[in-house]
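Trainee: sharing a model prediction with you, sequence too.
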Amino acid sequence: MTTLFKKMLGALAAPALYGLLAASTAVQATETPKEIRIAVPDLSAGDQHSGGGVVDVLRSQQILEKAFAADGIQVQWRFFKGAGPVINEALANDQVDFAYLGDLAAIIGKANGLNTHLLSATARNIRLYLGVLPGSGIKTLADLKGKRVAIFRGTASQLSFDTALASQGLQERDLQVINLDGNAANAALAARQIDATWGATNLIALQQRGLAELPLNTDDLQGAGSIQAVLVGSDAFVNQHPDLVARFVKAQQSAVQWLRNGENKQAYVNLVSGLANYPQVLLQTDLQDADFNQIFDPRLDPAFLARLQAGVDLAAQQRLIRQGFAVSEWVDGKYLEAALQQGQAAVASREAAR
């Protein structure tokens with residue numbers, strides 16, 4: 001065989017070889033994964049993990065584990081004390097496939113180039129509180145001008161606080177803002193090292209111990225500053241495994257339906273207080289007048305998306321992100337819509353069988 005003939009064979013074989021390699025790679029890319037990795041901010045004050053809401057129900061009832069067991073797919077829950085910023089880093093490094101996030105963290109990730117898919121709402125209008133030193137005389141947000149206020153930057157709490165401030169014509173620059181996570185902020189307030197902080201249920205504990213006053217919350221501001229929460233999926237996983245994404249979102253609906261049943265409110269309080277190591281009285285105080293059917297509405301409806309878009313716009317204005325984006329281009333609602341339609345069909349079928 002001449003050298004020229006060998007070269008000709010090589011030239012012909014190379015494209016075929018590359019084609020086979022490409023096909024092999026494509027097959028490998030779409031193979032059923034061995035695990036599904038889910039990131040969650042860890043809200044627990046104890047040794048166990050808690051993400052609150054739909055996360056705690058999913059885990060306690062093993063809903064996702066059961067949904068994927070037949071395929072031998074393991075569900076890996078990964079809890080992060082660093083909350084949104086650390087989870088966005090994990091998404092960027094392809095370490096997780098799904099993430100349950102508050103609005104600002106999800107917005108920052110998307111604005112910074114994370115190609116995530118907005119799959120469903122997981123909570124809306126979550127109430128937050130202003131906690132201040134007892135006897136400080138601070139009654140309104142305007143009273144915070146020039147005061148030392150602790151905020152956990154880069155998380156939903158920051159966007160919540162900035163939205164609350166904006167509703168009163170204020171900005172962070174009107175205050176002395178200190179970056180502390182929730183536990184550190186509460187400790188600083190109890191030690192009288194700061195004048196105020198903005199947070200959730202754990203501030204009620206300080207109030208009950210006489211270490212804080214709670215002069216207002218987001219309900220007093222007609223909802224300004226309330227937090228929205230979402231489920232996002234990584235672009236790679238959603239594109240490669242749309243069938244698994246559909247099954248994931250459908251399975252999540254079991255937890256959503258359980259949560260939206262008012263008869264389960266006390267069971268939910270028991271569940272979260274046990275996992276998060278919070279006294280039940282704190283959650284009962286916070287949730288006593290809460291409408292779970294409204295809070296845990298999963299729809300990506302116009303009202304919810306408008307709140308997210310307002311969050312994007314304010315984050316850009318306050319330079320929490322470099323530039324804004326259209327939330328409508330982020331939404332990937334087909335999986336949720338299919339799950340909702342299947343749920344409605346199942347209900348109709350049961351009623352027809354009676």
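Mentor: All right, it came through fine. Numbering: from 1, shown residues only.

Trainee: show me this structure divided up by domain.
Mentor: 35-125+227-344, 129-221 (automatic domain parsing).

Trainee: reformat these as CSV; add mean pLDDT.
Mentor: Shown next, in CSV, are these (pLDDT from 0 to 100):
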stretch, mean pLDDT
domain 35-125+227-344, 94
domain 129-221, 94
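
Trainee: how about TSV for these, with mean neighbour count added?
Mentor: (Each C-beta comes from the backbone N, C-alpha and C, glycine too.) Output for these, formatted as TSV (neighbours: other Cβ atoms under 10 Å):
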stretch	mean neighbour count
domain 35-125+227-344	18
domain 129-221	19
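
Trainee: residue ranges for the strands of the stretch 51-200 of the chain, please.
Mentor: 74-80, 98-102, 116-126, 129-132, 148-151, 176-179, 196-199 (DSSP state E, counting those that start in this stretch).

Trainee: same for the following helix or strand past the last one, what does it pack against?
Mentor: Translated: strand 196-199. Downstream of strand 196-199, the first helix or strand assigned by DSSP states H and E is helix 202-208. Applying 3 or more Cβ pairs under 8 Å, 6 or more residues apart in numbering; DSSP states H and E, one finds that helix 202-208 contacts strand 129-132, helix 182-190, strand 213-217, helix 280-287.

Trainee: show me what contacts the residue lying closest to K139 once chain neighbours are set aside?
Mentor: Nearest residue to K139 in three dimensions, chain neighbours excluded: P215, at 4.8 Å (Cβ to Cβ, 6 or more residues apart in numbering). Taking Cβ atoms under 8 Å, 6 or more residues apart in numbering, we find P215 in contact with L130, V132, I138, K139, T140.

Trainee: so which of the residues you listed is the closest to V238?
Mentor: The nearest member of these to V238, counting by Cβ to Cβ, is L130 at 38.3 Å.

Trainee: tell me, what residue is most central in the chain?
Mentor: Here the mean C-alpha position of the chain is nearest to the C-alpha of L101 (Cα atoms, centre = their mean), at a distance of 1.6 Å.

Trainee: quick check: bridge partners of it?
Mentor: Here L101 sits in beta bridges with V230, going by DSSP bridges.

Trainee: can you tell me how far it sits from P41?
Mentor: Separation of L101 from P41 (Cβ to Cβ, to the nearest Å) stands at 7 Å.

Trainee: shared neighbours, those two?
Mentor: G84, I87.

Trainee: what segments of the stretch 201-350 of the chain are helices?
Mentor: Assigned by DSSP state H, counting those that start in this stretch, the helices in the stretch 201-350 of the chain fall at 202-208, 235-240, 242-260, 265-276, 280-287, 292-295, 302-317, 334-353.
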